[in-house]
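Undergrad: take this sequence and fold it.
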Amino acid sequence: MIITKKKTVNVETDNGGPVFFSDTVTVSHNQNKFVLDFQQMTPRFSKIGAELEHKMFLAHKTVMLDPGVAKDLSRILTVNVENYEKKFGKIEIKRIESPVIKKDEKMEYTGYIG
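TA: Numbers count the residues shown, from 1 in each chain. Predicted coordinates for the structure are as follows:
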C-alpha cells in the first residue's frame, strides 16, 4: 500500500503593472522560441519657440514563448476570434501604412498599424 501526503503550495501572482495597449505586433521565431514584440505608437507635440514639433513615441513590450505555448496561443486566439465575431460581428482589419523610418541609407522599415 502506498500512502501519499497532500502538500499545499502557496502561489502568489504578479499582475505586471498597468495594462499595455498595443497598436501593432511584430512576430519572429527561431528553432527554440517565438518572440512577440507588442508596440504602441503615440504622437507627441511640443512647442519650441514659434515652431510646433511633432514626434512619434514608440513603446514596446516583448514576450518570448516556447513553440508549444505559441501553438496553444494560436489555437486559443483562433477560437476566441471566432466567438467574438459570432457575438459582435466580423472584425474589419484596417491597414494603414506607417511612415518609412530610415536608420541609414541601406535600411528601411515599413509597417502598418492594425
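
Undergrad: so, low pLDDT: which residues of this structure?
TA: Counting by pLDDT under 70, the chain contains low-confidence residues at 1-4, 96-114.

Undergrad: where do the strands of it begin and end?
TA: Chain-ordered strands for the chain, with DSSP state E as the definition, fall at 24-29, 34-48, 51-65, 96-97, 101-102, 108-109, 112-113.

Undergrad: any chance of those strands in a markdown table, with mean neighbour count and distance to residue 14 too?
TA: Every residue, glycine included, has its C-beta placed from N, CA and C. Shown next, in a markdown table, are the strands of the chain (neighbours: other CB atoms under 10 Å; distance: least, CB to CB, whole Å):
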| stretch | mean neighbour count | distance to residue 14 |
| --- | --- | --- |
| strand 24-29 | 13 | 22 |
| strand 34-48 | 13 | 18 |
| strand 51-65 | 11 | 15 |
| strand 96-97 | 10 | 35 |
| strand 101-102 | 11 | 34 |
| strand 108-109 | 10 | 33 |
| strand 112-113 | 12 | 30 |
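
Undergrad: in CSV, list the ones you listed along with distance to residue 86.
TA: Formatted as CSV, the entries for the strands of the chain read as follows, by distance: least, CB to CB, whole Å:
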stretch, distance to residue 86
strand 24-29, 24
strand 34-48, 26
strand 51-65, 27
strand 96-97, 27
strand 101-102, 38
strand 108-109, 36
strand 112-113, 26
